[in-house]
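Task: produce atomic coordinates for the following.
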Amino acid sequence: MPRVSETIEWRVTPGLTDYESAIAEMEARAAAVTAGDAGELVWLLEHPPVYTGGTSADPAELLDPRFPVVKTGRGGRFTYHGPGQRIGYLVLDLDARGHDIRHFICSLEGWLIAALGEIGIAAFRAPGRVGIWTRLADGQEAKIGAIGVRVRRWVTMHGFAINLSPDLAHFGGIVPCGLPDFAVTSAAALGKPSEFATFDAALSATFPAFLERLTAAA
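From the prediction side, this is the model:
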């Protein structure tokens, strides 16, 4: 029988949260959701500078390990997390919302694209390239958000990172997500609102449609 959560906790943690501590807490919450001892969670936070390597990370793409490097169980390659980047960890029960990981990722992309649209950024999917993309003033495509998820016993972990106002030079220590030919950008670099509160409100406003799409797959 599906584990149906009564509510989804929406948590916003101010300041910088240690990456490894956050992952441990997220994994514990996921185990509790699986056991039926806790409800689902959307956790918005911010990390100090760190490079993380997903399950497909290529050591050759770690160019300059100027920050701590942490291996993680999410999918994907190397990415950077740091101040000015909104991190979202999603502990959601796909057993209650359809057993379709691809649909979950597609729905997550749609949610982030809609939220960015709320702050005036025209974002989109790029076939064959994971993540969330937009265009610079010269028309060049640039990445503004990364997605990396893990699903264990139909409970999701990890989630997304959206560049609001990080130091974009910090991405220079890696080949971001294994895509050397594309730039990385941010809301601030695009001249758009980059305050956490503003983007969090956009995420909240577009969350019901995301959840409805997920539930429709059940």
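
make it CA atoms for all contacts and neighbour counts henceforth
Noted.

can you give me the mean pLDDT across stretch 18-27?
Averaging pLDDT along stretch 18-27 gives 96.

How about stretch 107-119?
98.

got it, and stretch 125-132?
Per-residue scores along stretch 125-132 average to 89.

what does stretch 65-79 give?
89.

so how far is that stretch from its chain's centroid?
Here the centre of stretch 65-79 is set off from its chain's centre by 14 Å, with Cα atoms, centre = their mean, to the nearest Å.

Would you indicate which residues of it are buried?
By neighbour count on 16 or more other Cα atoms under 10 Å, the buried set for stretch 65-79 is F67, V69, T72, G73, R74, G75, G76, R77, F78, T79.

for the second one, what are its contacts?
Read it as V69. Applying Cα atoms under 8 Å, 6 or more residues apart in numbering, we find V69 in contact with V50, Y51, T52, G53.

now those residues as CSV including distance to I119 and pLDDT?
Below are those laid out as CSV (distance: Cα to Cα, whole Å; pLDDT from 0 to 100):
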residue, distance to I119, pLDDT
V50, 27, 97
Y51, 27, 95
T52, 28, 92
G53, 30, 89
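
Quick one: buried ones out of these?
The neighbour count (16+ other Cα under 10 Å) marks V50, Y51, T52, G53 as buried among the contacts of V69.

so the first one touches V70, yeah?
Read it as V50. Yes: assessed by Cα atoms under 8 Å, V50 is found in contact with V70 at 7.4 Å.

quick one, strands of this structure?
Here the chain has its strands, by DSSP state E, at 8-12, 40-45, 50-53, 69-71, 78-81, 85-91, 124-126, 129-135, 141-152, 155-163, 183-184.
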